[in-house]
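Undergrad: Whatever this is, show me its structure:
(one chain, ligands or ions: 1)
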Amino acid sequence: MAGGGMPSAGSVKNYPGNFTSKVLSTCIIAATGGLIFGYDLGISGGVTSMDPFLEKFFPEVYKKEISTKPSDDQYCKFDSQVLTLFTSSLYLAALFSATVAAKITRACGRKMTMMFGGLLFAGGAVLNGFAENIAMLISVPIYLSEIAPFKYRGAMNIMFQMSITIGIFVANLLNYFSAKIKAGWGWRLSLGGAVVPGLIIFFSSFFLSDTPNSLLERDKFDEARVLLKEIRGVDNVDEEFNDLCAASEASKLVKSPWRDISKRKYRPQLSFAVLIPFCQQFTGMNVFVFYAPVLFKSMGFGNNASLMSSVITSIINALATVVSIICVDKFGRRTLFLEGGLQMLLCQIVMTGLIAYKFGTSGNPGELPMWFSILVVAFMCIYIAAYAWSWGPLGWLVPSEIFPLEVRSAAQCITVSVNMFCTFVLAQIFTAMLCQLKFGFFIFFACCVVAMSIFIYMFLPETKGVPIEEMTIVWKKHPYWRKFLPTDEDQDCEMAKKGRSL
Ligand SMILES: OC[C@H]1O[C@](O)(CO)[C@@H](O)[C@@H]1O
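TA: Numbers count the residues shown, from 1 in each chain. The predicted model follows:
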């Protein structure tokens, strides 16, 4: 049932339009929304490995860390549910704000939501609050997918993930330098530094226009047509405009997107809205993003070496995302998912072998040779590169492009909530899992990667090169999902019923 087929040429519309500088600059500005999220993702791991921070807030963990001798079990050195709560709680808070943000983005438009989120975040950073950036995760991927010409939608959307990875890199770099501050207040600088990305997105959102879809959602027809002409760089936008209007009309008939989304006809998309973020998190990537410094320290690296290794892995993460931008509209989403899955699996197997060989089940590696540290970091980098051109960016791209307008914001909200929930769970249980499963920890994620790759191979239709408003075609052609879609007669009947009840 491998459902990878592209809709045949001719079955998909080819709207006229150019790749304008307006679209490019708008997408770059919108994508900066990811900086904030990336900064959050990257900052906590380094901070939790800084001794002055541990000593102040987690004295028990600090005592355990300094009293652990090289001959003790290294797997359990940082095992503390309170320590992991510091990182995981950010995602729990984010989970709660996801539902509110979906309402805001539908009512106020994508642009206002981004502006509001940036400002809140900048303010929140001063108070060291992190939850607000969720508005970005809901509005930016949809914004990018809606505004991009369909042939470049993948690349434009992945700019969001690109800026997330830049945020992670900046956070790691800052951690590296702030840990060197002798007086021990470097962790304050790291946590407070979040104000900068917040202000960047707030000020840059003044230069954003809304998307035509979002204007139509709020009945601004003339503005939407003018904007569409401007961003496509041609006058002849009638066909696309009419389709957008039709989609918007259909969307207005839906009074409760939350109830509608559970209808049978949205089952294919809903399955992906839930399973894509779920699988994305169960690749195990965030274990490295959050806890790389802790992991490196557990493996006997010194303070500086641990933070430096995280800087290296975050550079690889950002660079490999560029590969995805270049390839996604050429080779398609499925190819990247499947290649990335295979590469991650191979690395996980090698890392399991290496760690099992040196640390065994006792967690006592003795003296660690240089070749071992180099190999571990190298395979971690290859693994991270694989994630960075597959599940990382596609985890935002695919959900944002498969939903019809009427339920798009609600669906993105589900995607973000599932993502945050899984991020929370994994961030919370990481140190306990490592302590209990030892090197088997990597085997767990390897099994998850096998399962998710099979799932993608069997069930994900290719969405490259299909205009977002034409997406139903890919489901109608899929051997499994097509049975969930209404026939044309069903649709006429539903429209008639809705028309009567108005
Ligand atoms: O770059 C890695 C990061 O990217 C994400 O997948 C978000 O898209 C995070 O969950 C992860 O920390």
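Undergrad: Quick check on the residue lying closest to residue 471 once chain neighbours are set aside: phi, psi?
TA: Leaving aside its chain neighbours, residue 471 sits nearest to residue 402 (5.8 Å; criterion: CB to CB, 6 or more residues apart in numbering). Every C-beta, even on glycine, is put in place using the N, C-alpha and C of the backbone. Main-chain dihedrals, residue 402, degrees, to the nearest 10: phi -100, psi -10.
Undergrad: Quick one: residues contacting residue 402.
TA: Neighbouring residues of residue 402 by CB atoms under 8 Å, 6 or more residues apart in numbering: 268-269, 272-273, 463, 471, 474.
Undergrad: What of residue 323?
TA: Per CB under 8 Å, 6+ apart, neighbours of residue 323: 385, 388-389.
Undergrad: let's go with 6 Å and repeat that
TA: residue 389 (CB atoms under 6 Å, 6 or more residues apart in numbering).
Undergrad: returning to that earlier point: measure the residue nearest to residue 471 to residue 140 for me?
TA: According to CB to CB, to the nearest Å, residue 402 and residue 140 sit 17 Å apart.
Undergrad: likewise residue 66?
TA: Residue 66 is 42 Å from residue 140, by CB to CB.
Undergrad: if we can go back for a sec, narrow the contacts of residue 402 to those in helices?
TA: The helices, defined by DSSP state H, take in 268-269, 272-273, 474 from the contacts of residue 402.
Undergrad: Between those, which sits nearest residue 375?
TA: Ranked by distance to residue 375 (CB to CB), those are led by residue 272 at 36.1 Å.
Undergrad: Show me the shaky parts of this structure.
TA: Scanning the chain for pLDDT under 70 picks out 1-14, 70-71, 93-108, 110, 116-136, 251, 254, 488-502.
Undergrad: near the ligand, which residues of it?
TA: 41, 161, 164-165, 168, 280, 285-286, 289, 317, 392, 395-396, 423 (CB under 6 Å from any ligand atom).
Undergrad: Dump the residues you listed to JSON lines, plus secondary structure, neighbour count and distance to residue 302.
TA: As requested, these are exported to JSON lines (DSSP: H, G, I helix; E, B strand; the rest coil; neighbours: other CB atoms under 10 Å; distance: CB to CB, whole Å):
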{"residue": "41", "secondary structure": "helix", "neighbour count": "25", "distance to residue 302": "24"}
{"residue": "161", "secondary structure": "helix", "neighbour count": "27", "distance to residue 302": "31"}
{"residue": "164", "secondary structure": "helix", "neighbour count": "31", "distance to residue 302": "29"}
{"residue": "165", "secondary structure": "helix", "neighbour count": "28", "distance to residue 302": "26"}
{"residue": "168", "secondary structure": "helix", "neighbour count": "27", "distance to residue 302": "22"}
{"residue": "280", "secondary structure": "helix", "neighbour count": "26", "distance to residue 302": "32"}
{"residue": "285", "secondary structure": "helix", "neighbour count": "22", "distance to residue 302": "25"}
{"residue": "286", "secondary structure": "helix", "neighbour count": "21", "distance to residue 302": "24"}
{"residue": "289", "secondary structure": "helix", "neighbour count": "27", "distance to residue 302": "21"}
{"residue": "317", "secondary structure": "helix", "neighbour count": "27", "distance to residue 302": "23"}
{"residue": "392", "secondary structure": "helix", "neighbour count": "26", "distance to residue 302": "29"}
{"residue": "395", "secondary structure": "helix", "neighbour count": "24", "distance to residue 302": "34"}
{"residue": "396", "secondary structure": "helix", "neighbour count": "28", "distance to residue 302": "36"}
{"residue": "423", "secondary structure": "helix", "neighbour count": "24", "distance to residue 302": "29"}
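Undergrad: Could you list the domains of this structure?
TA: With domains defined by the TED database, the chain comprises 21-208+254-465, 211-253.
Undergrad: Pick the most deeply packed of those domains.
TA: Of all the domains of the chain, domain 21-208+254-465 carries the top mean neighbour count, a mean of 21, counting by mean count of other CB atoms under 10 Å.
Undergrad: From the ligand, how far off is the nearest residue to residue 209 once chain neighbours are set aside?
TA: In space, and not counting its chain neighbours, residue 209 is closest to residue 227: 5.8 Å by CB to CB, 6+ apart. Using CB to the nearest ligand atom, to the nearest Å, residue 227 is found at 28 Å from the ligand.
Undergrad: Just list the residues touching residue 247, thanks.
TA: By CB under 6 Å, 6+ apart, the neighbours of residue 247 are 405, 469.
Undergrad: What segments of the stretch 351-500 of the chain are helices?
TA: All helices of the stretch 351-500 of the chain, identified by DSSP state H, counting those that start in this stretch, fall at 370-389, 391-402, 405-437, 440-459, 472-476, 488-501.
Undergrad: so how far is the first one off the chain centroid?
TA: In other words, helix 370-389. 21 Å (CA atoms, centre = their mean, to the nearest Å).
Undergrad: mind pulling up the phi and psi values for residue 16?
TA: phi -70, psi 150.
Undergrad: so it makes contact with residue 235?
TA: No - contact between residue 16 and residue 235 fails when scored by CB atoms under 6 Å: they sit 9.2 Å apart.
Undergrad: What's the separation between residue 480 and residue 461?
TA: Distance, residue 480 to residue 461, using CB to CB: 9 Å.
Undergrad: right, I mislabeled it, should have said residue 22
TA: Taking CB to CB, one finds residue 22 at 31 Å from residue 461.
Undergrad: now do residue 206
TA: In this view, residue 206 and residue 461 are 38 Å apart by CB to CB.
Undergrad: got a list of what residue 35 touches?
TA: 163, 167, 197.
Undergrad: same deal with residue 286?
TA: The contact partners of residue 286, taken as CB under 6 Å, 6+ apart, are 423, 426.
Undergrad: one more time with 10 Å
TA: 41, 45, 87, 91, 280, 387, 422-423, 426-427, 430 (CB atoms under 10 Å, 6 or more residues apart in numbering).
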